[in-house]
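> how does the following fold in three dimensions:
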Amino acid sequence: MKIFGILNLTEDSFFADSRTPLAEAVVGAERLLAAGADVVDVGPAASNPDAAKVSAEEELRRIAPVLNHLADRLDQVSIDTYLAETQLAAAARGVGYLNDIHGFPDARVREALAGFDCRLVVMHAVQAEGLATREAGLEPDRAVEAILDFFQRRVAELEAAGVARDRIILDPGMGFFLGANPETSFRVLARLPELKALGLPLLVSVSRKSFLRAVAGVSAEEAGPATLAGELWAAAQGCDYIRTHDPRGLKQAWAVWTATQVQAAR
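Sure thing, here's the model as predicted:
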């Protein structure tokens, strides 16, 4: 299991403690790597329902310090954006990953990305475009089927555009990307093996999200333990990547979990 450490270069991320001023971007990236992140997932714009929209020009300005500083480690950098201009510029710089909350819906962008080597995190979102919203949502009983259908269609489209299958990572989306009903996200978590059965790497991002907070009755700032429980569950179901605000906590907990599993299997 590999860890994506979240670096939010924003002023309106839902978890206030994760908001990193641009002047501290490089320090923040190094801190995540030192804490055990395998990849720094750089977010130049927030995607929660209350976030402001950010232009591609501004996104590129925000990610530039990290790309420049990690120029010899770009395989450890992911750019979290759904804007085509930002995606293509980051791919041209040589980043290891692009992370799109809409799963690369533009056919022209898919064809352009076929010419690069970066891996593509294809996320499912109930919203067809733009930011997450509180209005749209999947019914719990239909969620996994809808996600499977989306993945099958989008993977086929990416392959038809020339993107190699081994570059694709799947992310079912969580929280408001599935809907405001917490049961929907928990249903998807419970059925992660069905998504793994598609045969592609799976990334899950539950860190401090609304559905965990609703069940635990805590704020985003207090949701560290709830997050870790969800992350350990996802990792135990075979998820290949976990995206988190707290790489150090997850890495320590997973080390203990796996050591215990080794002994239990003897």
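
> tell me the buried residues in stretch 196-206?
Neighbour-count burial for stretch 196-206, counted by 16 or more other Cβ atoms under 10 Å, picks out 196, 200, 201, 202, 203, 204, 205, 206. For glycine as for every other residue, the C-beta is placed from the backbone atoms N, C-alpha and C.

> so which of those residues belong to strands?
203, 204 (DSSP state E).

> out of the buried residues of stretch 196-206, what pair is the most spread apart?
The span of the buried residues of stretch 196-206, defined through Cβ to Cβ, is set by 200 and 206 at 19.2 Å.

> helices of the stretch 101-250 of the chain, residue ranges please.
In the stretch 101-250 of the chain, the segments counted as helices under DSSP state H, counting those that start in this stretch are 107-113, 143-160, 182-190, 192-196, 210-216, 224-236, 247-264.

> save those helices as JSON lines, and put in distance to residue 38 and mean pLDDT too.
Listed next are these as JSON lines, based on distance: least, Cβ to Cβ, whole Å; pLDDT from 0 to 100:
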{"stretch": "helix 107-113", "distance to residue 38": "22", "mean pLDDT": "98"}
{"stretch": "helix 143-160", "distance to residue 38": "23", "mean pLDDT": "97"}
{"stretch": "helix 182-190", "distance to residue 38": "22", "mean pLDDT": "96"}
{"stretch": "helix 192-196", "distance to residue 38": "19", "mean pLDDT": "97"}
{"stretch": "helix 210-216", "distance to residue 38": "23", "mean pLDDT": "96"}
{"stretch": "helix 224-236", "distance to residue 38": "13", "mean pLDDT": "97"}
{"stretch": "helix 247-264", "distance to residue 38": "8", "mean pLDDT": "96"}
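
> mind putting those in CSV, distance to residue 175 included?
Supplementary listing: the helices of the stretch 101-250 of the chain in CSV, determined by distance: least, Cβ to Cβ, whole Å:
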stretch, distance to residue 175
helix 107-113, 25
helix 143-160, 12
helix 182-190, 6
helix 192-196, 15
helix 210-216, 5
helix 224-236, 11
helix 247-264, 18
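
> okay but residue 195 is in contact with residue 201, surely?
No: counting by Cβ atoms under 8 Å, residue 201 is not a contact partner of residue 195; they are 10.6 Å apart.

> now for those two: what residues contact both?
residue 170 (Cβ atoms under 8 Å, 6 or more residues apart in numbering).

> which residue ranges of the stretch 1-150 of the chain form strands?
Residue ranges of the strands in the stretch 1-150 of the chain, as given by DSSP state E, counting those that start in this stretch, are 2-8, 39-43, 77-80, 97-100, 119-123.

> where does pLDDT dip in the stretch 1-150 of the chain?
Low-confidence segments of the stretch 1-150 of the chain, defined by pLDDT under 70: 48, 51, 129-136.
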